[in-house]
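Novice: this one's sequence-less:
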Ligand code: AGP
């Protein structure tokens, strides 16, 4: 999604802006631009392509000294990928950058065209600039207030006014903005990765509040035109943590960070060996009256819900459904105050998940979010939030966020079951021990990289493959499939192993790779018979199992043996195997693992 940065202070604004855009590249984009204050007014330079292309253009086109400006990386929503459609956009005295979607921009455009005023781009963002300029009579705050009353949709704006030098204004509705006043000046951005170089203390701009950034600090004004002090937050990771740390790709670094990420996430929630949520502001009363749970999210976050469902239903014996957020929000779901809706999101800004949460809130449900990025929309708009402490996840392919989501779902299930009397304290302690043990299990699986790399290289020329499994292994097959598709571009499909003979097995021919998960001992024999079925039709089978002693190795071409662990906890280990398979398959194909084509790290538009 689009990346935003704004700066006004003592430093070279062009340098601060382009460096900030480099940090925001991971959000996914197709073009970039900056606007900065010069002696002759506001100058804008923008370019299709990578931030480096923009930097080259800035060097060629500007030797201006400047200490105030805004910068943007664009992930095209309205209008093609062209220089004209790049941000920043200007109209009259107004220059702005925008993250989000203005849903009524076409009507607004018609109003301007009826007055003979035509935009030069195809973007909703330029229309927004025109509206603000239309409302502008010399008072930026008043203009922003009036204009945003006419705009419908999601936005995060950073705005400069030609006749208000060295000042940047910002306002948001739905899209993220964080800011900090520092010794070098005031800085605002889409997320902390662009800010952390300047400050580890920051605040989230409250929605519909206007921030006024000057060299001397930031004033935040609420809707009643009163200056307020937003709560300050602190990140405990440094710039190095946001770098690759010596790994070839962020994804590999983040795969290896999983033991620490899980440790950081569950240790603060373990007290006397029992699951503990009080410090998160999640009281035991959250469980009162709950007779149903809905888990919703997108992509990998939704897949984590599939695993959480299994444990929740096993322990508490109430119905748990897992819904794709983009479907759920339009499905007119049956919700009531006895339904607990759990939204899962690494970024905390995914538009569909946010909309599903808003629907749940509107229906009077209790809402709990499981979010990695602190202070984000989904976290703030839930009744309760359980943060995962995975640190920044930069790679588009989600890895450590997934396993820490599992750890929180399991810990939450243990607390729920304990409070509801479904398990004893001793049983809760046993479950917590197994949860903590996954840290060592994952550490063990991380040493399988060489073995898995050589197996994965066999997929280098594959065009289609299947993941099969039953129960939890089917849930993990779904995750393995999305991981492989999104970074290696190999088409794959996750299939419930028992379903194969109802159609899909017709696609199994010589050397078609099938990655079979067989860790659930209650259906082990059935899964292995499915393996025999596909192998007898020529499939190349990679078997992932924790039951190697019960499996005849001749059944498969490759066997990856998980550490000895309880079936219900194998997802933590098999997830790492699947992440490795996807990573090394993509590497074997020479692809950019961290920034796969067409994908963005956080999908903040529908
Ligand atoms: C996972 O590897 C993908 N990057 C994608 O499916 C992601 O999980 C999904 O977009 C949800 O993102 P969120 O967790 O930030 O809401």
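Specialist: Yep, that arrived. Only a predicted model underlies this, so the values are computations on that prediction, with no experimental measurement involved. Numbers count the residues shown, from 1 in each chain.
Novice: Can you say which helix or strand has residue 544 in it?
Specialist: In this assignment (DSSP states H and E), residue 544 forms part of strand 540-545.
Novice: so what secondary structure elements neighbour that strand?
Specialist: On a contact count with 3 or more C-beta pairs under 8 Å, 6 or more residues apart in numbering; DSSP states H and E, strand 540-545 meets strand 513-518, helix 524-535, strand 558-561, helix 570-588. For the C-beta atoms, the positions are set from N, CA and C on the backbone; glycine is no exception.
Novice: Now do it: distance to the chain's middle.
Specialist: On the basis of C-alpha atoms, centre = their mean, to the nearest Å, strand 540-545 sits 30 Å off its chain's mean C-alpha point.
Novice: before we move on, what about stretch 490-502?
Specialist: Distance, stretch centre to chain centre, for stretch 490-502: 27 Å (C-alpha atoms, centre = their mean).
Novice: can you check stretch 568-585 too?
Specialist: The chain centre lies 19 Å from the centre of stretch 568-585; the measure is C-alpha atoms, centre = their mean.
Novice: Buried residues, it. List them.
Specialist: Using 16 or more other C-beta atoms under 10 Å as the test for burial, stretch 568-585 gives 568-585.
Novice: Please identify the nearest residue in space to the residue in the chain that the ligand sits nearest to, excluding sequence neighbours.
Specialist: Nearest residue of the chain to the ligand: residue 299, at 1.8 Å (C-beta to the nearest ligand atom). Residue nearest to residue 299 in three dimensions, not counting chain neighbours: residue 482, with 6.1 Å by C-beta to C-beta, 6 or more residues apart in numbering.
Novice: Repeat that for residue 467.
Specialist: Using C-beta to C-beta, 6+ apart and skipping residues adjacent in sequence, the residue nearest residue 467 is residue 477, 3.7 Å away.
Novice: secondary structure element for that neighbour?
Specialist: Assigned by DSSP H and E, residue 477 falls in helix 472-488.
Novice: Average pLDDT for that helix, rounded please.
Specialist: For helix 472-488, the mean pLDDT works out to 98.
Novice: May I see the buried residues of the following helix or strand past it?
Specialist: Moving toward the C-terminus from helix 472-488, the first helix or strand encountered (DSSP H and E) is strand 491-496. Neighbour counts over strand 491-496 (16+ other C-beta under 10 Å) mark 492, 494-496 as buried.
Novice: Check whether strand 491-496 comes near the ligand.
Specialist: No: residues of strand 491-496 are not located near the ligand by C-beta under 6 Å from any ligand atom, the shortest gap being 13.4 Å.
Novice: what residue ranges in this protein are flagged as low confidence?
Specialist: Within the chain, the segments meeting pLDDT under 70 span 1, 27-28, 76-79, 239-246.
Novice: near the ligand, which residues of it show up?
Specialist: 297-301, 345-347, 350, 353, 396-398, 482, 486, 602-603.
Novice: I'd like to know which of those are part of helices.
Specialist: Using DSSP state H, the subset of the residues of the chain next to the ligand located in helices is 299-301, 353, 482, 486.
Novice: among the residues you listed, which two are most distant?
Specialist: Farthest pair in these (C-beta to C-beta) is 353 and 486. Separation: 17.5 Å.
Novice: ok, the spatially most central residue of the chain - contacts?
Specialist: By C-alpha atoms, centre = their mean, the chain has its centre lying nearest to residue 347, at 3.5 Å. By C-beta atoms under 8 Å, 6 or more residues apart in numbering, the contact set of residue 347 is 371-373, 376, 601-602, 604.
Novice: Also residue 495?
Specialist: Applying C-beta under 8 Å, 6+ apart to residue 495 gives the contacts 466-468, 474, 477, 504.
Novice: So among these, which ones count as buried?
Specialist: 466-468, 474, 477.
Novice: Wait, residue 530 touches residue 468, no?
Specialist: Yes: using C-beta atoms under 8 Å, residue 530 is in contact with residue 468, at 6.1 Å.
Novice: any common contacting residues for the two?
Specialist: With contacts taken as C-beta under 8 Å, 6+ apart, residue 530 and residue 468 have 497, 500, 516 as neighbours in common.
Novice: Once you drop chain neighbours, what's closest to the second one?
Specialist: Using C-beta to C-beta, 6+ apart and skipping the chain neighbours, the partner closest in space to residue 500 is residue 530 (5.8 Å).
Novice: Residue 598: neighbouring residues, count only.
Specialist: 9 (other C-beta atoms under 10 Å).
Novice: now do residue 258
Specialist: Using other C-beta under 10 Å, residue 258 has 27 other residues around it.
Novice: cool, and residue 257?
Specialist: As a burial measure, residue 257 scores 23 neighbours (other C-beta under 10 Å).
Novice: same thing with the one 3 residues further on?
Specialist: Using other C-beta under 10 Å, residue 260 has 16 other residues around it.
Novice: Can you tell me the SS state at residue 220?
Specialist: strand (DSSP: H, G, I helix; E, B strand; the rest coil).
Novice: pretty sure it is touching residue 232, no?
Specialist: No: counting by C-beta under 8 Å, residue 220 does not reach residue 232; the two are 11.6 Å apart.
Novice: Return every residue with contacts to both of those two.
Specialist: residue 203.
Novice: Looking at these two, which is more packed in?
Specialist: Per other C-beta under 10 Å, whichever of residue 220 and residue 232 has more neighbours is residue 220, with 19 against 11.
Novice: which ones are touching the more buried one?
Specialist: Residues near residue 220 by C-beta under 8 Å, 6+ apart: 203, 205-206, 209-212, 227-230.
Novice: Could you pick out the buried ones from those residues?
Specialist: Using 16+ other C-beta under 10 Å as the burial test, the contacts of residue 220 include 203, 205-206, 209-212, 230 as buried.
Novice: For the stretch 151-300 of the chain, which segments are assigned as helices?
Specialist: Here the stretch 151-300 of the chain has its helices, by DSSP state H, counting those that start in this stretch, at 250-256, 258-266, 299-316.
Novice: Next, the buried residues of the longest one.
Specialist: Spelled out, that is helix 299-316. If you call a residue buried by 16+ other C-beta under 10 Å, then helix 299-316 has these buried ones: 299-312, 315-316.
Novice: Let me know the next secondary structure element after it.
Specialist: Following helix 299-316 in sequence order, the next helix or strand is strand 320-324 (DSSP H and E).
Novice: in that following strand, what's buried?
Specialist: Within strand 320-324, the residues scored as buried using 16+ other C-beta under 10 Å are 320, 322-324.
Novice: Partner strands of that strand and their direction?
Specialist: Strand pairing for strand 320-324, using DSSP bridges, gives strand 292-297 (parallel).
Novice: Please work out the angle formed by the directions of the strand it pairs with and helix 299-316.
Specialist: Relative orientation of strand 292-297 versus helix 299-316 (axes from the mean of the first three to the mean of the last three C-alpha atoms, to 10 degrees): 160 degrees.
Novice: just use 28 as the starting number from now, easier for me
Specialist: With the count now opening at 28, the last piece we talked about shows up as strand 319-324.
Novice: quick one: strand 319-324 to chain centroid distance?
Specialist: On the basis of C-alpha atoms, centre = their mean, strand 319-324 sits 18 Å off its chain's mean C-alpha point.
Novice: likewise stretch 532-545?
Specialist: Worked out by C-alpha atoms, centre = their mean, stretch 532-545 lies 31 Å from the chain centre.
Novice: end to end, how far does that stretch reach?
Specialist: Terminal residues of stretch 532-545 are spaced 18 Å apart (C-alpha to C-alpha, to the nearest Å).
Novice: Buried residues, it. List them.
Specialist: The neighbour-count check on stretch 532-545 (16+ other C-beta under 10 Å) flags 532, 535, 539-545 as buried.
Novice: swap in stretch 363-372?
Specialist: Across stretch 363-372, burial judged by 16+ other C-beta under 10 Å covers 366-372.
Novice: Distance of residue 576 relative to residue 599?
Specialist: Going from residue 576 to residue 599 by C-beta to C-beta, to the nearest Å gives 21 Å.
Novice: repeat for residue 144
Specialist: Per C-beta to C-beta, residue 144 is found 58 Å from residue 599.
Novice: go on, residue 617?
Specialist: Residue 617 sits 30 Å away from residue 599, going by C-beta to C-beta.
Novice: That's all I had, so thanks and see you.
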